[in-house]
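Visitor: Quick one: sequence and predicted model below, then my questions.
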Amino acid sequence: QGDVQGMNPIVKKIFFLASRLFGRGQEAYEKEYDRIAPTYDAAVTRPLLAAITKRAIAASHIRHGSVCLDLGCGTGDATVQMLAKTGKNGRVYACDLSREMLSKAMMRLSSYRNVSFDHADMVTFLAAFADESVDWIGSFWALEYADHAAVLREVRRALRPGGTFCAALN
């Protein structure tokens with residue numbers, strides 16, 4: 001919990017949100033992110049998180065034609081960047097717990113034909129992919145809302161030999 005007295009009001013709000021969500025089930029996360037979806041991209045923290053995501057994906061080994069997964073895609077920020085690296089012959093599959101966040105991502109990426117979205121938790125989403133069928137898997141600012149051990153087991157199973165998993169956590 002820590003002392004938030006004297007903190008920037010926006011940082012206080014983030015700590016408050018995190019404390020409300022910590023340890024709660026996926027339904028609570030879904031409900032909260034459905035609620036904040038309309039203003040999510042305008043949050044003061046978004047430029048910083050987006051910059052970190054952009055650098056990580058830019059430095060990745062995603063190649064044209066790659067099959068990529070975006071776990072917890074939110075409004076599609078990382079998904080767009082993955083699509084830019086996979087090119088027209090690649091494919092990006094994205095999931096999120098929040099229908100409202102997915103809706104924003106689908107609107108944002110409506111011109112792309114090589115992307116699919118799924119309303120699912122990370123483990124269920126990953127389980128739908130065959131063994132060693134994916135080149136690159138990313139999760140940016142969302143893995144903390146999932147069962148880490150179960151996600152990592154599924155990531156290991158779904159990745160092709162030499163594949164990459166990249167995650168950024170709050």
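Guide: Sure thing, it's come through. Residues are numbered from 1 along each chain as shown.
Visitor: continuing past the least confident helix or strand in the chain by mean pLDDT, what's the next helix or strand?
Guide: Averaged element by element with mean pLDDT, DSSP states H and E, the chain has its least confident helix or strand at helix 9-21 (a mean of 48). On the C-terminal side of helix 9-21, the closest following helix or strand by DSSP states H and E is helix 26-36.
Visitor: and the gap between Gly74 and Gly138?
Guide: 12 Å (CB to CB, to the nearest Å). Backbone N, C-alpha and C define where each C-beta goes, glycine included.
Visitor: Then Ala56?
Guide: As judged by CB to CB, Ala56 and Gly138 stand 8 Å apart.
Visitor: Between these two, tell me which one has more neighbours.
Guide: Relative neighbour count places Gly138 above the other of Ala56 and Gly138, with 28 against 16, counting by other CB atoms under 10 Å.
Visitor: Okay, now the unreliable bits of the protein?
Guide: Counting by pLDDT under 70, the chain shows low-confidence ranges at 1-24.
Visitor: Please, where are all the strands along the chain?
Guide: Along the chain, the segments classed as strands by DSSP state E run 67-71, 91-96, 115-119, 134-140, 159-168.
Visitor: Which of these sits closest to Phe125?
Guide: Within those, the stretch nearest Phe125 is strand 91-96; the backing value is 3.9 Å (CB to CB).
Visitor: which helices and strands does the closest one pack with?
Guide: Of the remaining helices and strands, those touching strand 91-96 by 3 or more CB pairs under 8 Å, 6 or more residues apart in numbering; DSSP states H and E are strand 67-71, helix 77-86, helix 99-108, strand 115-119, helix 122-127.
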